[in-house]
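Asks: have a look at this fold, sequence not included:
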């Protein structure tokens, strides 16, 4: 690690700050629209969407938390909340008695099917429709590059494969 920080120059700082600010503002706007339009939180929506896209509308809790990249405690909290709302249920996992299956209930399927069209409309209105197809391709390529880079480095605090 260098002894002197390699500070961002004005162009780099502008790009970084604009990215972070746009990311926060877009997330906030989409979360508020989702809650106002459907009564679902972002976490509710993400869980229901994942289950609705999975064959049979059910998946092992372990698979769900890995696919969402959440901590186990967060998933557990959100599952309890969605269970309380009657959107999902936990059932014993027939292939692993130590874990549970998270199952989409009919009310949960209706909730995601009712919420998704307006949510997609808001994603288009506040993000997709602001860009040309070439800009969308470039944006995807840039973010995929960042994701590949991050996948190559161990996450801070995580053990490396060799130790």
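Replies: Sure, I can see it. Keep in mind that what you see is a predicted model, and the values were worked out from it rather than measured.

Asks: all contacts plus neighbour counts: C-alpha atoms, from now on.
Replies: OK.

Asks: looking at the chain, which helix or strand is least sure?
Replies: Lowest by mean pLDDT, DSSP states H and E among the helices and strands of the chain is helix 61-68, with a mean of 91.

Asks: in it, what counts as buried?
Replies: 61, 64-65 (16 or more other CA atoms under 10 Å).

Asks: run through the neighbouring helices and strands of whatever helix or strand comes next after it.
Replies: With elements assigned by DSSP states H and E, the helix or strand that comes after helix 61-68 is helix 72-84. Applying 3 or more CA pairs under 8 Å, 6 or more residues apart in numbering; DSSP states H and E, one finds that helix 72-84 contacts helix 42-53, strand 88-92.

Asks: what is the mean pLDDT for helix 72-84?
Replies: Averaging pLDDT along helix 72-84 yields 93.

Asks: what's next to the one helix or strand residue 150 maps to, contact-wise?
Replies: In this assignment (DSSP H and E), residue 150 forms part of helix 133-152. Taking contacts as CA atoms under 8 Å, 6 or more residues apart in numbering, the residues outside helix 133-152 that touch it are residue 128.

Asks: ok so, going back, redo the helices and strands packed on helix 72-84 as JSON lines? Include distance to residue 120, mean pLDDT and mean neighbour count.
Replies: Below are the helices and strands packed on helix 72-84 laid out as JSON lines (distance: least, CA to CA, whole Å; pLDDT from 0 to 100; neighbours: other CA atoms under 10 Å):
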{"stretch": "helix 42-53", "distance to residue 120": "12", "mean pLDDT": "96", "mean neighbour count": "19"}
{"stretch": "strand 88-92", "distance to residue 120": "22", "mean pLDDT": "95", "mean neighbour count": "18"}
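
Asks: as CSV, the ones you listed with distance to residue 135 would be great.
Replies: Formatted as CSV, the helices and strands packed on helix 72-84 follow (distance: least, CA to CA, whole Å):
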stretch, distance to residue 135
helix 42-53, 26
strand 88-92, 38
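
Asks: relative to residue 126, which of the ones you listed is closest?
Replies: The closest approach between residue 126 and any of these, judged by CA to CA, belongs to helix 42-53 at 16.3 Å.

Asks: which helices and strands does that closest one pack with?
Replies: Partner elements for helix 42-53 (3+ CA pairs under 8 Å, 6+ apart): helix 10-38, strand 58-60, helix 72-84, strand 100-104, helix 106-126.

Asks: report the inter-axis angle for it versus helix 10-38.
Replies: 70 degrees (axes from the mean of the first three to the mean of the last three CA atoms, to 10 degrees).

Asks: how big is the angle separating helix 42-53 from strand 100-104?
Replies: 90 degrees.
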